[in-house]
Structures are given as structure tokens and as C-alpha cells.
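Asker: Any chance you can model this:
(chains A and B)
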Amino acid sequence: MPDDSALAQTPITVEISALTRRFGDLTAVDHVNLSIRQGEIFGLIGPNGAGKSTLIRMLTTLLPPTSGTATVAGYDIVSAPAEARRHIGYVPQLLSADGSLTGYENMLLSARLYGVPRKEREERIARALARMGLTEAAHHLVGHFSGGMIRRLEIAQSLLHRPQVLFLDEPTVGLDPSARETVWERVLDLRNRFHRTMIVTSHLMDEVEEFCDRIALIGNGRIVAVGTAAELKAQIGPDATLDDVFIHLVAASEGEKEGSYGEVRRARRAARDHA
Amino acid sequence: MAKSGAPAAPPAITHERTMAGALESFVTQTFAVAAAEVQKLRHDPLELLTRAVQPVLWLMLFGEVMARVRGVAPGNIPYLDYLAAGILAQSALFVAIFYGISAIWERDLGVLQRYLVSPAPRAALVLGKALSAGVRGLSQAIIVYILAWLLGVSLDFNPLNILGVAAAIVLGSGLFATLSLIIACIVKTRERFMGIGQVLTMPIFFASNAIYPLSLMPDWLRAVSHANPLTYEVDILRTLMLRKGLSDYGLALDFAVLAAASAVLVAVAARMYRRMGY
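Answerer: Residues are numbered from 1 along each chain as shown, chains lettered A, B, ... in the order given. Got it, this is the predicted structure:
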């Protein structure tokens, strides 16, 4: 991990201010403020439905905020979403590579959509595929890829236009440990070599602790705590694990708002309808 | 590991801000979406054959029987010839009108999100989908031409006529695919879409000149048919596809109606497409 003093000197690439999204009665993201620096691997953790994906979908301009705003790579996501999109890479939690195309064809589609100059397309695609260990499988249908290969292809697709900020929503969900390890290795490699900012959601404490420079805990749409893993653990006690922090801080905030059956039903329906 | 005095951010791709540059990338992005569709068809050509079944049934079952009824087709055109143009338009329509469902499918999967987070203008994404439907429509056209030729329909193979037919198919398919996309942006679930898709295809098909002339219709239905773009698409096809084809409205008006309706629908769909990301 880079030492904190070095990171503190790099410019801020993502600045989130009072970002809020409501779905009916449910406030999925509630006045979130965060500053994320260039070259940081920033982890967002929280229970299902805490608002991680909603936050990421707003930052990637897929979902307009109810109020508040954010700048990504210097562009406001509300007033200049198209500009912001040029500098964002996004690997959604859902399957975003097209299974009825080959790996190469998926890459070509991304390269063209992102305006990679024609002269550079082939070279960049070849290099990105090689970096993700997919050269040999490039001309096979993605429908026949393994889960880990699909994830790596999706990351490769998201990097072709050299985004300043890469969003990875649950990148290791459903992967076996070795595939998970490979995905993280590539993510670290990208940060170390190209100094990209990565914003990663996960529900696995150990990988967040191992790979993220800083972590934000989200509960009920609010940021409960932000800091390095060590800082967060120090808040709870000398021998605390990140799990303890999570249980202590997030579970407490969840408890506050525990509502009636009717409220739970409304909240869940709202979450489903807008999933 | 990161050093102090971190390396500068990688240079962003230079995006030309000139009109010509913007137009060029718009065209590239539009064709990228359509090219992916062509690649998919190449990987699964069997789909084209399954799509051929419906026009075969219409021409061979409905067409053969209706050919015995006198006075449906106007003038000197045999009914099967008259019907062939209508069935071509119909088969392209049926492919196009379910385009929304594939958009909903892509949204449920997550593939659509990849399109939506790209800097491509929404209009380029929508136009790309319309063009994809056009490509599929053309493959339907090849099938219907072969079939019609086998059944003895007197086809006009003049290259200019074929070019005109191709243009009408691309426009018509794109138009109805875009309409379908707009509906998908509103309903967002496959179940709801299926219901609406069925309800929509029937009137578009029957309130048109696809299988009988407007002159046989009661006044109110004729008025509806005059407002239906499919009527103008069929008019072009009947004029250019058949050796004895004659236009009811004039090809210029036909193409103008199709182009104007397409432009309006693409503009509406481009505004609504972002809703698919919610």
C-alpha cells in the first residue's frame, strides 16, 4: 500500500457533496460526502441495500441524484454527465459483457463507443486483452467464458479509453478464491502502473482490508465511518477486526431505523422496482 | 507502489471538438452498435431460419387460399404477388417490434449499462439499434424474395428497385424498432412488454394495406391506415418489388413519411433511453 503522505499529495479526482437519492419513501443514499484522491483504491462496504450500488450508479451518471452532486475527474455528474462519462470506467455488478459476442468483439464495441482512435484500436485491444490474460480466449464466445474470465474481460473493456476513475461494483462476487485473487492482482497492477483511481464495492471484509487504501462504511444510505482499515479498527478497540467495526457501526445505524412491517415492505418494494 | 510526486494522469484520449470530429464519432458509435448485431447473427445464423417460418406460413397458407377470392388485389396483379410485398413488410415489422424486449433483456443482464455509461450520445445508441433492426429486416427480405420467387411471384430484379426496397426495409424496420424501444423505456419489464407488443402488432398489421387494399376498408379504418407508417412502407415495396407494381401515394411521399416518422421517434427515444439506466 502506498504510504499515506504520498497519497495525501495527489489531487482529488472524486468529490461527492451531499449526494442524495430517494425512491419514494426510501432514501437509498442520504447526504453522502466523500473526497477520493487520484491513485486511491477506495472501498465501499455495507450490507445489501445499504446504498452502495445506488451511489455508484449516480457517480457513473446512470441515475440522476435527487439532490446534491459530485464531480468526477473534474466534471459535474449533474451538469456535465456526458463529459464525466469520457473519464469513467464502470464494471457493473451485473453481467455487462455480451455473451453472444466474442471477447474481441466485445472489446471492439467498447473501443468504438468510447471513441478510441481507429489507428490505435487494434493495438490497445490486444494489449488490454494480454494484460488481463485473455489473449488466447479472445476469439471465443463470451458465453463460454468462466466467471473470472468474464470479469477480467469487463475490466479490460472498461479500461480501453484510459479512464481516470474506474468503478468496480462487487467485482469478485461469485468468483472462486483464485479467480478473485487474479482480479485483485490486475486491479492493483493498474493502480500501481497507471495511477488510476478505483472505487470498489464489496461485502468481503478480508479483501477490502487487504486491497483498499481507504474504506467507507455505508449503512442506511449514510456514510458511517471513513478511514484506513487500521483507523477504523482503532475506533473500536485494540484487537478489533474489520468485522467488529462493521457490526458495531453499521448494525447500530441499521437498528436505529428498524421499522414496521409496512415500512419494510415499502422499502423492499421500492428497492426492487428500482433495482 | 506510489511515489511522492505521483506520475501525472494518463493523457485522456483527444476528442475532436470540431463538428466534423463529432459527426465522425457519432457515425462510428452508431455503426458500432449495428456491427455488434451483424456479428451476433453470424454466430447464430440458425435464428434467421427460424424467422423464415412465419412468412412461409403466411404466403403458403393464407396466400394460397386468398388467391382464390376474386377482386381483393387491384387490377392485373395476382393476389399472391400483392400479398408478397405485404408479407415482406410484415416479417420485418414482427422482427422490429420485439426489439424493445431485447433491450429489456439487455437491461436485466447489465449489457445495456455498458452502452449507457459510454460517452456515446444517446441518439447514436438508439440509431444504432434502429440500424440493427434494419439489418435483420434485410435478412428477412432475402428470405421473402427467395420464397416469393419459388412461388412464382413476378419479381423485379432491377438493381435500382432492389436498392429502393432495401432502403424502405431499413427505414421501416428502424422506425418500428425505435417505437418498440420507446415502449420498453416506459414499461421496463418483459411481462408488460409482451402484452403491449401483441396488442400493437395486430392493429399495425391489419390497419394497413399489407394484405388487402385500403379501398375495401370502412372509412374510419381507412383513416387509421392512412396514419400508419406501415402503409407507406408496403406501398414502396409493392411498387418496387413487383414487375407490375404501381404506387398509390407516390414514392416521394412514401419515403418522406417514413423518414419523418423515424426522425421523430429516434428523437423521442434518445430522450427516453437514459431511463433504462434507472
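
Asker: domains in chain A, as residue ranges please.
Answerer: Domain segmentation of chain A under automatic domain parsing yields A:4-87+A:166-273, A:94-162.

Asker: Format those domains as a markdown table; extra columns: distance to chain B, mean neighbour count and mean pLDDT.
Answerer: In this view, the C-beta of every residue, glycine as well, is placed from N, C-alpha and C. Shown next, in a markdown table, are the domains of chain A (distance: least, CB to the nearest CB, whole Å; neighbours: other CB atoms under 10 Å in any protein chain shown; pLDDT from 0 to 100):
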| stretch | distance to chain B | mean neighbour count | mean pLDDT |
| --- | --- | --- | --- |
| domain A:4-87+A:166-273 | 4 | 18 | 86 |
| domain A:94-162 | 3 | 20 | 93 |
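
Asker: With respect to residue B:60, which of those lies nearest?
Answerer: For the domains of chain A, proximity to residue B:60 was assessed by CB to CB; domain A:94-162 is nearest, at 31.2 Å.

Asker: Of all the domains of chain A, which one comes closest to residue B:254?
Answerer: That would be domain A:94-162 among the domains of chain A, by CB to CB, at 32.9 Å.

Asker: Quote the end-to-end distance of the closest one.
Answerer: 22 Å (CA to CA, to the nearest Å).

Asker: Show me how far that domain is from its chain's centre.
Answerer: 19 Å (CA atoms, centre = their mean, to the nearest Å).

Asker: where do the helices sit along the stretch 51-200 of chain B?
Answerer: B:64-66, B:79-97, B:99-109, B:111-116, B:122-150, B:159-187, B:190-206 (DSSP state H, counting those that start in this stretch).

Asker: how near is the closest residue to chain A within the stretch 1-150 of chain B to residue A:92?
Answerer: Closest to chain A within the stretch 1-150 of chain B is residue B:110: 2.6 Å, counting by CB to the nearest CB. Using CB to CB, to the nearest Å, residue B:110 is found at 5 Å from residue A:92.

Asker: ok, these two, which is more surrounded?
Answerer: Applying other CB atoms under 10 Å in any protein chain shown to residue B:110 and residue A:92 shows that residue A:92 carries more neighbours, namely 26 against 18.

Asker: So residue A:135: helix, strand or coil?
Answerer: Using DSSP: H, G, I helix; E, B strand; the rest coil, the structure places residue A:135 in coil.

Asker: Please name the nearest non-neighbouring residue to it.
Answerer: residue A:129 (5.2 Å; CB to CB, 6 or more residues apart in numbering or on different chains).

Asker: How about residues contacting whatever helix or strand that neighbour lives in?
Answerer: Taking DSSP states H and E as the definition, one finds residue A:129 inside helix A:118-131. Contacts to helix A:118-131, defined as CB atoms under 8 Å, 6 or more residues apart in numbering or on different chains, come from residues A:103-104, A:107-108, A:111-112, A:116, A:135, A:138, A:156-157, A:159-160, A:186, A:189, B:28.

Asker: change it to 7 Å
Answerer: A:103, A:104, A:107, A:108, A:111, A:116, A:135, A:138, A:156, A:159, A:160 (CB atoms under 7 Å, 6 or more residues apart in numbering or on different chains).

Asker: Please report the distance of the residue most central in space within chain B from residue A:85.
Answerer: Geometric centre of chain B, nearest residue: residue B:173, 1.0 Å, by CA atoms, centre = their mean. To residue A:85, residue B:173 is 29 Å away according to CB to CB.

Asker: How about residue B:20?
Answerer: 22 Å.

Asker: next one: residue A:77
Answerer: 9 Å.

Asker: Now the nearest residue to the residue of the stretch 1-150 of chain B closest to chain A once chain neighbours are set aside: phi and psi?
Answerer: Of all residues not flanking residue B:110 in the chain, residue A:94 sits nearest, at 2.6 Å (CB to CB, 6+ apart). Main-chain torsions, residue A:94, degrees, to the nearest 10: phi -70, psi 170.

Asker: Tell me which residues touch residue A:94, please.
Answerer: B:109, B:110, B:113.

Asker: The last one touches residue A:92, doesn't it?
Answerer: Yes - applying CB atoms under 7 Å, one finds residue B:113 in contact with residue A:92, separated by 4.8 Å.

Asker: Helix or strand for residue B:258, just tell me which one.
Answerer: Counting by DSSP H and E, residue B:258 is part of helix B:251-272.

Asker: if I look at the nearest residue to residue B:194 once chain neighbours are set aside, how far off is residue A:125?
Answerer: By the measure of CB to CB, 6+ apart, the closest residue to residue B:194 outside its immediate chain neighbours is residue B:101, 7.3 Å from it. From residue B:101 over to residue A:125 the distance is 31 Å, taken as CB to CB.

Asker: pLDDT at the residue of the stretch 151-278 of chain B found nearest chain A, what is it?
Answerer: At 3.7 Å from chain A, residue B:277 is the closest residue in the stretch 151-278 of chain B, using CB to the nearest CB. pLDDT, residue B:277: 81.

Asker: Now do the helices in the stretch 151-275 of chain A.
Answerer: Using DSSP H, counting those that start in this stretch, helices in the stretch 151-275 of chain A cover A:177-194, A:205-211, A:229-236, A:242-245, A:252-256, A:261-273.

Asker: Please name the residues that touch residue A:109.
Answerer: Going by CB under 7 Å, 6+ apart, the list of residues near residue A:109 reads B:32, B:36.

Asker: Kindly recompute the last result at 8 Å.
Answerer: A:98, A:101, B:32, B:33, B:35, B:36.

Asker: and of these, the nearest to residue B:201?
Answerer: Out of these, the member with the shortest distance to residue B:201 (by CB to CB) is residue B:33, at 23.9 Å.

Asker: and the residue nearest to the residue nearest to the centre of chain B when sequence neighbours are not counted, what does it touch?
Answerer: Excluding its sequence neighbours, the residue lying closest to residue B:173 (CB to CB, 6+ apart) is residue B:137, at 3.3 Å. Neighbouring residues of residue B:137 by CB under 8 Å, 6+ apart: B:92, B:95, B:96, B:169, B:170, B:172, B:173.

Asker: pLDDT score for the third one?
Answerer: You'll see residue B:96 listed with a pLDDT of 94.

Asker: Tell me how many other residues crowd it.
Answerer: 29.

Asker: All the strands of chain A, in order from the start?
Answerer: For chain A, the strands defined by DSSP state E occupy A:12-23, A:26-37, A:41-45, A:67-72, A:75-76, A:88-91, A:165-169, A:197-202, A:214-219, A:222-227.
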